[in-house]
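Q: When you get a sec, could you give me coordinates for this:
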Amino acid sequence: MSTGNRDNFSEVIDITLHKYNSIDLRLWGIISRFSTAKTLGDNTMLLSVDDLRKIIYNAFKSEISRFKAISDVAIHKEATSIYFINQILDTMSNLMWVKFTLNTNSSYSRIVNIDQIKTIKFSTKTLRGSIRLFDIFNEHEADVAGMILRRANLLGPEDHFMVMRVRKFLSTLDLFLSENNTTEVYNIINAIIQRVEVYESDDPEMLLIADKKSDI
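A: All right, here's what the predicted structure looks like:
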């Protein structure tokens, strides 16, 4: 997934750090010693986004200042995990938790060639996210969207929110649309699909909230 666009969906993400990269290892060491970091396994830690901000903005202040002075054309020569994490903090407005996974593979390079053009890869995965129908639609459209989701058996008759994996959610919408392809249904379903299909490859758990009064 890209970190260059606004992301109002992701709430929990997984970031991969690499043991044989000096900056990654330094960041991993700081996180592992941070008092509120939660150890999930030998090579996994969980940190709140507020604590991650404290670490990045305090321990890596000079790196962030340097990135701001580099042009986009030359950034592939300088970008580190700190650059990407700073981008994430700037663009993921609903992020709450970050899971860090330490990759111990020694054969690692962040620069890759795509169509003979050098670019940078940074491994992140969305683990959990949410969408709210009333952020996508006006009040009338949100009511219609709720009715359509009930017809598709994604919401119960009295339900105002649901939790489901993104792939299952999208496949259910695709099937419903193939059997109910009216203009109104298409416009509603297509707007919802556009919000979540970018996360299909990650297949995170998704919370969908249909009613503003039941926003949790």
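Q: what's the domain layout of this structure?
A: 10-122, 129-214 (automatic domain parsing).
Q: Report the contact partners of P204.
A: Counting by Cβ atoms under 8 Å, 6 or more residues apart in numbering, P204 touches 10, 12, 125-129, 165-166. To be clear about C-beta, it is placed using only N, CA and C from the backbone, and glycine gets the same treatment.
Q: Now, the residues you listed that are in helices?
A: Of these, the ones assigned to helices by DSSP state H are V166.
Q: So what's the residue count around the nearest residue to D7 once chain neighbours are set aside?
A: With Cβ to Cβ, 6 or more residues apart in numbering as the criterion, D7 has its nearest non-adjacent residue at 4.5 Å, and that residue is M92. Neighbourhood size, M92 [other Cβ atoms under 10 Å]: 22.
Q: Got phi/psi on M92?
A: phi -100, psi 90 (degrees, to the nearest 10).
Q: my guess is it contacts I13, does it?
A: Yes. Between M92 and I13 there is a contact under Cβ atoms under 8 Å: 7.3 Å.
Q: Would you state the helices of the protein in chain order?
A: With DSSP H as the criterion, the chain has helices spanning 22-33, 49-59, 61-68, 81-91, 133-136, 139-151, 166-179, 183-196.
Q: and those as JSON lines, adding mean pLDDT?
A: Output for these, formatted as JSON lines (pLDDT from 0 to 100):
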{"stretch": "helix 22-33", "mean pLDDT": "94"}
{"stretch": "helix 49-59", "mean pLDDT": "95"}
{"stretch": "helix 61-68", "mean pLDDT": "81"}
{"stretch": "helix 81-91", "mean pLDDT": "90"}
{"stretch": "helix 133-136", "mean pLDDT": "94"}
{"stretch": "helix 139-151", "mean pLDDT": "94"}
{"stretch": "helix 166-179", "mean pLDDT": "97"}
{"stretch": "helix 183-196", "mean pLDDT": "96"}
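Q: Run a quick neighbour tally on the residue lying closest to F60 once chain neighbours are set aside.
A: Spatial nearest neighbour of F60, chain neighbours left out: I82 (4.7 Å); criterion: Cβ to Cβ, 6+ apart. By other Cβ under 10 Å, 22 other residues sit near I82.
Q: Same check on F176?
A: F176 has 18 neighbouring residues, counting by other Cβ under 10 Å.
Q: can you check A145 too?
A: 23.
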